[in-house]
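Undergrad: Sequence below, structure please.
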Amino acid sequence: MVSKNSVLSIILLLALIFFCPLADSLGQEARDFNSIAVSMTENGSYNEAINYYNKALEAEPDYIQALDNKGSTLYLMGDYNDASKIFDRILSIYPDSPAALFKKGMVLSSQGQDEEAIEYYNRSLVLIVNESTFDYENVFDIGIFSLVDISNDCETPEISFDPRLPSVWYQKAVSLEALGRYNESMYYYDQVIDLAESQSSEFSMTAASLYELNKYNDSIDYYNRALEIEPDNSKYWYGKGLAYDGLDDYQAAVSAYDEAIYYDSENINAIYNKAVDLDKMGQPDLAVVQYNAYLALDPYAVDIWYKMGTTYEELGDYGSALKAYNQVLVYEPENGEVWTRKGDVLDILGRYQEAIDAYDKALLVGTDNKASGTYGAGAGLFGMPVEVSDCYSETPDIKSSSALIWYNKGLAFYKMGNYESAIEALGNAAATESDHPLLWYHMAVSYEKLGMYEEAASSYEKSVKVDNSCPRIYYDLALDYDRLGEYSSAQRAYTKAIQLEPNFTAAYYNKALDLDNLEKYDESVDVYSKVLELQPASIDALLRKGNALNKIGEYEEAVGCYEQILQIDPTHAVAKFQLEVNRDILESANRSSSCYVAPSTVFGVMDDDIFSSDIFIWYSSNPFEGSYSTSLNNAEILGDVVTYDNVWVSRGLTLESLSLNNQAVESYTTALLLDPSSSEAWVSLASSYEQLGKYSNAITCYEQAVLLDPSDKAAWYSKGLSHFNNGDNQLAVESFSKVLLLNPGNLAALYYEAMAYDNLGMYTESLKSYETILKNDAQNTDVWYKAGSAAYKLGLYDKSIDSFNRVLMYDPTNVSVLKMQSNSAVGLGEYDAALGYYGRILEVTPADSITLFGKASTYTILERYDEAIETYDAILELEPTNVRALNSKGFTYYLMGDLDGATSCFEAAAAEDPASASAWYHLGMLSYMRSSYKGSVYYYDKALEIDPLCITAWYNKGFILNIMGEVDAAVECYDKILAIDPNSASALYNKQFALYRVGKSVSADETKAKLEAIDPGFTAALDDRGTKFFLPTSYSDTLDYELPSRWYSDTAGSLDNTTANA
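TA: From the prediction side, this is the model:
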């Protein structure tokens, strides 16, 4: 009998055989649907993608990849609510998934819930750092950070860091920025930047290693990778130049050195190599320019002076070659080869005796002697900043004639090379006068020539006892102590030289050597650091500092020195060897200590609330040995990546929020070095320049942005604003017009376009823009006001009044608007309405004299003279000395026919302000009306002294003089008018008859002909009645009255009771 258990086993086995193929079929179907959906997501067909993700999930409900991809696609669609539900579902299955936590954070941030987003980012970071869990997705498919743009399917280099970490840092920084926590945001942006720069450093080290292996093309490739991250790194450009030199591609090398020099104008090695390459390319004229640039940075570089000399010889510039060789001989007076070359140059120049002397010197020192070595190791490396001649005059002030003879004799013996006799003679001089430091100095140098260093040191000591102010003597004394093995004394003397000359690099260097000899390595490290402050590219100082650090066990810091050497000279064998030794020592130390974990030099300090102090990450600094390496090439990326330039732009925006605009400019500039085609970076850079008030720079950036993306409405708008703020209104209009072509409903662009038109005086165009805005925003009182102003300036007073009424509905006591309303009403001839507006203004500001003037003027127009007089009196109660009010009141009396009242007012005005041309002018008018011609001429003269361009004053004066028989004087008045207005018909007519009257018929005929040419109908219109005395009908304080074109027409400008010219 078959047991029940056996039957059950058979059934289960049959089920397994039957259902397994079905399960495999369902799984493959789900994967197929997911693949189709992913392709659609990548193409931006999000709705179709969601349909296929749903099909995949119907086939396999727990298919995590399809579920995650669906959530990412919903996020890209902007459907944050549904995306949030998806990631919540994933987190219920995988609560410790860094990917799901990260994406949930991104969704929350997009919903404006940045505090909550940061919590999710923090949880994701802890898991990534601890590497404590396996995740279903090792490269985020949205929000991923990449050093380069991978959107165009370009090949990306392998990286030695987990790309998820900077991705979370970046998104966390964005959320912190949104919360206004700018300093924290900056920290995480800088974390990403530090990581990227660490990667670029690894690429550069790989490049240097490849260079050492003579793999120059591969080296260039890695330098290019490093430069994609740090395009302004001078050292990387320099290394790239070296690699091109290895390929004998000197043109490419020069281009690389140019970039190195552009980003670091003091990169002395790049300058040198560029010069050498230019020489190799047959361009010595350009090479010599680079040698000059080198010497500007290091004037003591003997080798460069020598190369300058040989290059100038090649160019046939023997005068410059001679100067260069002379400079070499200042530093190396016993360089026989240079003496020989100097002799050759002098011979070419025809200076034969000097050439013979140079050859003699070469024979004396020997042509094989290329460097005397007098100045010790430091001088050979760094040159001398000071000579003894800088401290003392060439000849000491020796008072004793016998001592002076012995001194000169000693110098002569010295120059002849007879050092024993020189010492004896100088000793005799010192026996008489011993207080001359230069005397002891020459004696010390003579002892040195004989190898008598102890005596030389003694002489230097005597020199500094007499005068301790010359650093060069202390330096030479220290050299002799070194020769005697007295390193303690030597380093004290070097210290004294440094105190006197703080930039004495050679003294610092030799002092450090003495400290090494004394085994005081901790002190020598500090001194080598000072040498490197003065000469950052000194390989010898870096090497010795590294060795000293090794002596005191500071292997890691020593590694930094050797790495710097290899940046400068990738072929330096000693540095390369020592670097490997130190790395082995450090690696052994790490292996031997079970409780030691290497701290990260990549990620810096983490937040205490996120990372415990014992959490560290370490990635190998050598990509050939790295324990972690990845590439984004094969990753499934659904959304846009966060590229390195994006980080710099975001960092710049944060700096702007902190009002650190200069630093923001630097960030945006770096972003543009990484991606010059980034319109966003150009616009952001422009914004910072605007904040700094550098509008022309801002405009240049906006122009670049719209050139890259002509459809960028925001860039066009910002460009227009910048033009507007800079006063370039026509260019502002052009920019805003571009915005409106792309988006006709942009009210802000319409508003600024209208204001720019206003500034250009193009009120018709501005009014159109204002009216377009008001169709969409009828409650905007500011625009109603501006529309009313434009209409007023166009003389469209009806429109002006309608616009201002809209403003007054919301602000009935707006004095500025009421004043414009009153002016518009006057413009329409609605004087009663104008008086109403004046009344409303005076209710608000009863002491407003300008409004009172307007009111009085309106009363005068309406011939309500008594009320006008009352209004002028009201002004004078407020301002008793208001001359304009007195004049205006006087003119009103004149219009009333009250000549006495008028005279009294004008006299009061003239007394109050003798410079009032109006007062004198109208007194002249009133005197004429009283037939007081002389009085009238007197007053017109007073007026013309103040306003010599007043045509009607000259006219009336001439008119009166003609009546008085002073015809020549009258002609002079008419000439004054014609000097101001050559086409004045009235002046020509009156002058014509005045000339006939005095018998100057020829001149009179000429004047008549001119009048006929200008106005043929003028004389006929007079109908033999002559012109009249000019009497104004309305008051002008500025006397801008105009003579009438026709005296007897219906036009205003004269009164019927005036006297005609005969």
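Undergrad: can you list the domains in the chain?
TA: As given by automatic domain parsing, the domain ranges for the chain are 4-115+122-131, 139-208+600-676, 952-1062.
Undergrad: Just send the ones you listed back as CSV, with mean neighbour count and distance to residue 255 too.
TA: Backbone N, C-alpha and C define where each C-beta goes, glycine included. Formatted as CSV, the domains of the chain follow (neighbours: other CB atoms under 10 Å; distance: least, CB to CB, whole Å):
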stretch, mean neighbour count, distance to residue 255
domain 4-115+122-131, 18, 38
domain 139-208+600-676, 19, 16
domain 952-1062, 17, 68
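Undergrad: Of those, which is nearest residue 813?
TA: domain 952-1062 (29.2 Å; CB to CB).
Undergrad: right, and residue 726 touches residue 696 too?
TA: Yes - using CB atoms under 8 Å, residue 726 makes contact with residue 696 at a distance of 7.0 Å.
Undergrad: Comparing the domains of the chain by mean pLDDT, which bottoms out?
TA: In terms of average pLDDT, domain 139-208+600-676 trails the rest of the domains of the chain, at a mean of 68.
Undergrad: Give me the phi and psi angles of the nearest residue to residue 229 once chain neighbours are set aside.
TA: Nearest residue to residue 229, sequence neighbours excluded (CB to CB, 6 or more residues apart in numbering): residue 200, at 3.8 Å. Backbone torsions for residue 200, taken as degrees, to the nearest 10, come to phi -70, psi -40.
Undergrad: Provide a list of residues in contact with residue 200.
TA: 225, 226, 227, 228, 229, 230, 233, 236 (CB atoms under 8 Å, 6 or more residues apart in numbering).
Undergrad: Pipe the domains of the chain into JSON lines and attach distance to residue 702 per row.
TA: Output for those, formatted as JSON lines (distance: least, CB to CB, whole Å):
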{"stretch": "domain 4-115+122-131", "distance to residue 702": "29"}
{"stretch": "domain 139-208+600-676", "distance to residue 702": "13"}
{"stretch": "domain 952-1062", "distance to residue 702": "45"}
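Undergrad: Which one, of these, ends up nearest to residue 736?
TA: Closest approach to residue 736 among the domains of the chain (CB to CB): domain 139-208+600-676, 23.8 Å.
Undergrad: what about that closest one, how long is it end to end?
TA: 28 Å (CA to CA, to the nearest Å).
Undergrad: If you rank the contacts of residue 200 by neighbours, which is first?
TA: Using other CB atoms under 10 Å as the neighbour test, these are led by residue 236, with 29 neighbours.
Undergrad: That one against residue 226, yeah?
TA: Yes - checked against CB under 8 Å, the pair residue 236 and residue 226 is within contact range at 4.8 Å.
Undergrad: which residues do the two both contact?
TA: Common neighbours of residue 236 and residue 226 (CB under 8 Å, 6+ apart) are 200, 204, 207.
Undergrad: any idea which of the residues you listed is closest to residue 811?
TA: The closest of the shared contacts of residue 236 and residue 226, once distances to residue 811 are taken by CB to CB, is residue 200, at 61.3 Å.
Undergrad: and the gap between residue 257 and residue 491?
TA: 39 Å (CB to CB, to the nearest Å).
Undergrad: Please disregard the earlier target; I meant residue 872.
TA: 96 Å.
Undergrad: More neighbours: which of the two?
TA: residue 872 (29 against 25).
Undergrad: hey, where'd the strands end up in the stretch 551-700 of the chain?
TA: 642-643 (DSSP state E, counting those that start in this stretch).
Undergrad: Residue 956 in helix, strand or coil?
TA: helix (DSSP: H, G, I helix; E, B strand; the rest coil).
Undergrad: who's in contact with it?
TA: So residue 956 contacts 924, 925, 928, 936, 940, 1029, 1030 (CB under 8 Å, 6+ apart).
Undergrad: for residue 403, same thing?
TA: Residue 403 neighbours (CB under 8 Å, 6+ apart): 428, 429, 432, 433.
Undergrad: coming back round to it: let me have the shared contacts of residue 236 and residue 226 in a markdown table, adding distance to residue 1011 as columns.
TA: Below are those laid out as a markdown table (distance: CB to CB, whole Å):
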| residue | distance to residue 1011 |
| --- | --- |
| 200 | 88 |
| 204 | 90 |
| 207 | 92 |
